[in-house]
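A.B. asks: heads up, no residue letters with this:
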């Protein structure tokens, strides 16, 4: 795989990133929305087999191609599995022309100072080495902001950039994701604090290093334009954060230079019970609408 080609594809950003990285805690809900209830499997292994079948169906759909989807974020088990006998990351890049990323965070700590930091990630260097060997381009790591608390937001960005440095040391591109909960009363204030902290860390990054950022759709349109334009940022992507797809698309279209990295908003309306033609049509409509919002402006 060509790192330079993948970097160029992400920089051009003519599309969006599919977030296909539901982990153990969120998999039952994702399967339920897909029409597979918890009585359809009797073990965690069976559950993960079913979610892989869902992800493989999405990736193999004719609608899923590098023309509109520039990247995909995978769960660790998905990285370790195959699609039609080809390792998933290799299939994504060589068959779909889609850049693969790996979700590396292992969940969140209890809330303190209005934020939830990431839990420690045991064996991270080994995981990053495996990711490189598997052909991953980068990683994604999520933490959560639930209040405009300066101390908490500083702590969350310090942790994110420390982890990002470790990812960069393995030759991978970190997607730094400090998600702001969309329902909080002081969301706009939290986003102003977040922007200032991120800019402070970006300005301190060593020459030649870049990161990507995954941020909640901001209350103020184009708030994150300074990040979009920053030379230390390869791309700024937006998470849907629980907004329905149409609302997420409308908000995204108001933010010049940001592209989507949607999960629930991407798979909304897909069902295990659909025929392949119905599934492909539904997925194609979702991809087209998210792509249009990502390149708007």
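C.D. replies: Great, that's in hand. None of these values were measured; they are calculated from a predicted model.
A.B. asks: Helices of the chain, residue ranges please.
C.D. replies: Per DSSP state H, the chain carries helices over the ranges 3-12, 27-33, 44-60, 76-79, 88-96, 124-134, 150-169, 187-204, 225-228, 245-252, 264-267, 276-295.
A.B. asks: and the second one, how far from the chain's centre?
C.D. replies: In this view, helix 27-33 has its centroid 18 Å away from the chain centroid, taken as CA atoms, centre = their mean, to the nearest Å.
A.B. asks: Which strands and helices lie in contact with that helix?
C.D. replies: Taking 3 or more CB pairs under 8 Å, 6 or more residues apart in numbering; DSSP states H and E as contact, the helices and strands that helix 27-33 lies on are helix 44-60, helix 264-267. C-beta coordinates here come from the backbone N, C-alpha and C atoms, glycine included.
A.B. asks: cool, and the fourth one?
C.D. replies: The helices and strands touching helix 76-79, judged by 3+ CB pairs under 8 Å, 6+ apart, are helix 44-60, helix 88-96, strand 99-103, helix 124-134.
A.B. asks: let's go with 7 Å and repeat that
C.D. replies: Contact partners of helix 76-79 among helices and strands, from 3 or more CB pairs under 7 Å, 6 or more residues apart in numbering; DSSP states H and E: helix 44-60, helix 88-96.
A.B. asks: what's the average pLDDT for stretch 140-147?
C.D. replies: Along stretch 140-147, the predicted confidence averages to a pLDDT of 98.
A.B. asks: hang on, the earlier thing: of all the helices of the chain, which lies closest to residue 212?
C.D. replies: helix 3-12 (7.3 Å; CB to CB).
A.B. asks: just checking, what packs against the closest one?
C.D. replies: strand 69-74, strand 99-103, strand 233-239.
A.B. asks: quick one: the longest one to chain centroid distance?
C.D. replies: The one in question is strand 233-239. How far strand 233-239 lies from its chain's middle: 9 Å, per CA atoms, centre = their mean.
A.B. asks: same check, this time on the second one
C.D. replies: A distance of 8 Å separates the C-alpha centroid of strand 99-103 from that of its chain, computed with CA atoms, centre = their mean.
A.B. asks: neighbouring contacts of that strand?
C.D. replies: Contacts to strand 99-103, defined as CB atoms under 7 Å, 6 or more residues apart in numbering, come from residues 6, 9-10, 21, 23, 70-76, 79, 89, 92-93, 131, 135-140, 175.
A.B. asks: residues of that strand that come out buried?
C.D. replies: Of the residues in strand 99-103, those buried by neighbour count under the rule 16 or more other CB atoms under 10 Å are 99, 100, 101, 102, 103.
A.B. asks: Would you reformat those residues as TSV and include pLDDT and distance to residue 283?
C.D. replies: Written out in TSV, the entries for the buried residues of strand 99-103 read as follows (pLDDT from 0 to 100; distance: CB to CB, whole Å):
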residue	pLDDT	distance to residue 283
99	98	19
100	98	19
101	98	20
102	98	23
103	97	21
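A.B. asks: Kindly reformat those as JSON lines containing distance to residue 249.
C.D. replies: What follows is those, written out as JSON lines (distance: CB to CB, whole Å):
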{"residue": "99", "distance to residue 249": "22"}
{"residue": "100", "distance to residue 249": "24"}
{"residue": "101", "distance to residue 249": "22"}
{"residue": "102", "distance to residue 249": "26"}
{"residue": "103", "distance to residue 249": "23"}
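A.B. asks: From these, pick the one nearest residue 285.
C.D. replies: For those, the nearest to residue 285 is residue 99 (23.0 Å; CB to CB).
A.B. asks: residue contacts, the nearest residue to the closest one once chain neighbours are set aside?
C.D. replies: In space, and not counting its chain neighbours, residue 99 is closest to residue 71: 4.2 Å by CB to CB, 6 or more residues apart in numbering. Under the criterion of CB under 7 Å, 6+ apart, the contact list for residue 71 reads 10, 17, 98, 99, 101.
A.B. asks: Pick out whichever of these sits closest to residue 250.
C.D. replies: Within the contacts of residue 71, distances to residue 250 taken as CB to CB reach their minimum at residue 17, with 18.8 Å.
A.B. asks: Give me the number of neighbouring residues for the closest one.
C.D. replies: Counted with other CB atoms under 10 Å, the burial measure for residue 17 works out to 31 neighbours.
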